[in-house]
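*Asks:* structure of the sequence below:
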Amino acid sequence: YGRLPQGMEWKIKQWTDQLYTIPDEDPYALAPGAKFTWTRMRVLGGRTNCWGRGCDRFGPLDFKAKSLQDGWGEDWPISYDDVAPYYDAVEDFIGVAGGTEGVYNTPSGKNLLPPFNARCGEWLIKKGAEKLGIKVLPKPLAVLNKPYRGRPPCHYCGGCNWGCEVAARYGSVDSVFPNLEGRPNFTLKTNAAVHTVLMDRATGKARGVTYNDSENKQEYEAYGKAVVLAASMVESIRILFNSRNRDNPNGLANSSGTLGRYLTEHVAFNNIEGFFPQLAGRPSTNDDGPGESCLYIPRYNYGHKDTKKYLRGWRFDFYTGCGMGPGPGASMAGFGSAYKRKIKELYPAGFSIGGYGEGLAFDWNYVEIDPDGLRDRLGIPQVRFHTNAEYPEAFAIRDEMYGQMEEIMKASGAEIFPYKKVAPYPLGSVTHEAGGARMGDDPKTSVLDEWNRCHDVKNLVVADAACFVTHPEKQITHTLMALAYRACDHLAEEFRQGNV
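*Replies:* Numbering: from 1, shown residues only. This is a model prediction of the structure:
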């Protein structure tokens, strides 16, 4: 792959690097001063082959942040109650393990699989945080701990980040496509790079797509009564821009002029690390578990008074115990047998804590088709990013998060290694990028309606993270899947009613 993008070191390994598009071989453009990390996985199953599996839900305040929190930005055109049945449906389909206890604005499903057992260090952090009045909950994970829908439970090999040979953690290649194969109305076409949506000028409706075969480099067309784009945020936006025509010179579904704008992602930065003296020297144990932490700290800072500094809030994730690396002792200076003993002593005692803050959606964070004519390896016009994650509110929430992490770890009895504060990572660094074709009630200020349909083209649906209006501290994949489920449920009903 080459030099690994910041924040992506845990995903791109020798087992997975062949799945990713190599930037040096297929570059994208950055405007002067812009930063964006675009990790492209062009493989069947997409990013569900390598993902963190966190499945927390957005809460009522997240869908109505402007009206219910601080007056900033825009509200979604839908509410939590509109999406809640589809969170339930997604959890039922993919299998999610986690607790049923929710906290304010972090609802929990009521039919989840049992939570995974926490590691020793996680229990220490839970006790420390609760001394400060901060709630620690089981992390909802799309990993099975008992047989479910024909899939076996996790056997704790610890390799979940790079795929799962037994399909114990959810991936669409294991769970979706086997249910579709053999159906008369389903055809799986691989090596097909869609680049434009075909339009019927007489009706103003989409009639299909044009795609390039990545193997023979030939161009083909596919037709349908409706078109659903779920190519991942950047690619769906790129397809809409590249579908511009005589009637839509600025890109398809862009009468509002907002296509490609309001890109956002979590505020993310380096973790704080250290060790628990009370765990030093204990026997080494297999702490791999489900390949993720089993507990986490949901947002708790509601009603804070520092809105002039930062907006909204954060969540924390922490990792402890015996892992694949040498542990915290390896970062210390030393040599010889005493150094080796120190590494072994601290190996079971290490911790790492980090988190995500809410990313804000600005119109000046945007993507466009490169005006200098850059094309990808298939000859398709490529994108250029105008993005910057280093805005005042991001630095302010970063500083507050550093302070809170230190306080929690000290209350847990941990020793913290010296660390350096770094600037917020560029957008895209944790592959949680969203926005660019946001939903809204007003066609003048948004691309999509409440059902993920383009305001300008009612039989054209965008069912990925491009539809996001806000980007709270929570993981986004569960919400992305619930919105896609909801959009397609509505589209199917429109077919039944003869409206498509």
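*Asks:* quick one, phi/psi of the closest residue to Thr21 other than its chain neighbours?
*Replies:* With sequence-adjacent residues excluded and distances taken as Cβ to Cβ, 6 or more residues apart in numbering, Thr21 is closest to Arg40, at 3.9 Å. Where you see a C-beta, it was placed from the backbone N, CA and C, and this is true even at glycine. Phi and psi for Arg40, reported as degrees, to the nearest 10, are phi -110, psi 120.
*Asks:* any idea how far Gly428 is from Arg40?
*Replies:* 10 Å (Cβ to Cβ, to the nearest Å).
*Asks:* which one's more surrounded, these two?
*Replies:* Higher neighbour count among Arg40 and Gly428: Gly428, with 24 against 19, using other Cβ atoms under 10 Å.
*Asks:* how about that one, what does it touch?
*Replies:* With contact taken as Cβ atoms under 8 Å, 6 or more residues apart in numbering, Gly428 is in contact with Pro5, Phe36, Thr37, Trp38, Thr39, Glu265, Thr387.
*Asks:* burial measure for Phe395, as a count.
*Replies:* So Phe395, with other Cβ under 10 Å, has 18 neighbours.
*Asks:* one step back: gap between the residue nearest to Thr21 and Thr196?
*Replies:* Arg40 sits at a distance of 19 Å from Thr196 (criterion: Cβ to Cβ).
*Asks:* now Asp442
*Replies:* Asp442 sits at a distance of 27 Å from Thr196 (criterion: Cβ to Cβ).
*Asks:* is it true that Val227 touches Tyr211?
*Replies:* No: assessed by Cβ atoms under 8 Å, Val227 is found out of contact with Tyr211, at 11.7 Å.
*Asks:* quick one, which of those two is more surrounded?
*Replies:* Counted by other Cβ under 10 Å, Val227 and Tyr211 do not tie: Val227 has more neighbours, with 24 against 21.
*Asks:* excluding its backbone neighbours, what's nearest that one?
*Replies:* Ala206 (4.3 Å).
*Asks:* residue contacts, that neighbour?
*Replies:* Per Cβ under 8 Å, 6+ apart, neighbours of Ala206: Val197, Leu198, Met199, Asp200, Ala226, Val227, Val457, Asn459, Leu460.
*Asks:* report the buried members of those.
*Replies:* Val197, Leu198, Met199, Ala226, Val227, Val457, Asn459, Leu460 (16 or more other Cβ atoms under 10 Å).
*Asks:* look at the residue nearest to Thr21 and report its pLDDT.
*Replies:* pLDDT recorded at Arg40 is 92.
*Asks:* mind checking how far it is from Ala231?
*Replies:* Arg40 is 10 Å from Ala231, by Cβ to Cβ.
*Asks:* next one: Pro184
*Replies:* 25 Å.
*Asks:* Gly323 touches Asn286, doesn't it?
*Replies:* No: judged on Cβ under 8 Å, Gly323 makes no contact with Asn286 at a distance of 10.2 Å.
*Asks:* neighbour count: those two, which is higher?
*Replies:* In this view Gly323 and Asn286 are compared by other Cβ under 10 Å, and Gly323 has more residues nearby, 15 against 10.
*Asks:* confirm that one sits in a helix?
*Replies:* No: Gly323 is assigned coil when assessed by DSSP: H, G, I helix; E, B strand; the rest coil, not a helix.
*Asks:* list the contacts of it.
*Replies:* Contacts of Gly323 by Cβ under 8 Å, 6+ apart are Gly158, Asp287, Asp288, Gly350.
*Asks:* residues contacting the residue nearest to the second one when sequence neighbours are not counted?
*Replies:* Excluding the flanking residues, the one nearest Asp287 by Cβ to Cβ, 6+ apart is Gly321, at 3.2 Å. Neighbouring residues of Gly321 by Cβ under 8 Å, 6+ apart: Arg119, Cys120, Gly121, Glu122, Thr285, Asp287, Pro348, Gly350.
*Asks:* need those in JSON lines (columns: neighbour count and pLDDT).
*Replies:* Putting the contacts of Gly321 into JSON lines (neighbours: other Cβ atoms under 10 Å; pLDDT from 0 to 100) gives the following:
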{"residue": "Arg119", "neighbour count": "24", "pLDDT": "97"}
{"residue": "Cys120", "neighbour count": "17", "pLDDT": "96"}
{"residue": "Gly121", "neighbour count": "27", "pLDDT": "97"}
{"residue": "Glu122", "neighbour count": "25", "pLDDT": "98"}
{"residue": "Thr285", "neighbour count": "11", "pLDDT": "94"}
{"residue": "Asp287", "neighbour count": "17", "pLDDT": "94"}
{"residue": "Pro348", "neighbour count": "24", "pLDDT": "96"}
{"residue": "Gly350", "neighbour count": "27", "pLDDT": "96"}
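*Asks:* circling back to that earlier point, from Trp123, how far out is the residue nearest to Asp287?
*Replies:* Going from Gly321 to Trp123 by Cβ to Cβ gives 11 Å.
*Asks:* could you pull up phi and psi at the residue nearest to Asp287?
*Replies:* Main-chain dihedrals, Gly321, degrees, to the nearest 10: phi 90, psi -170.
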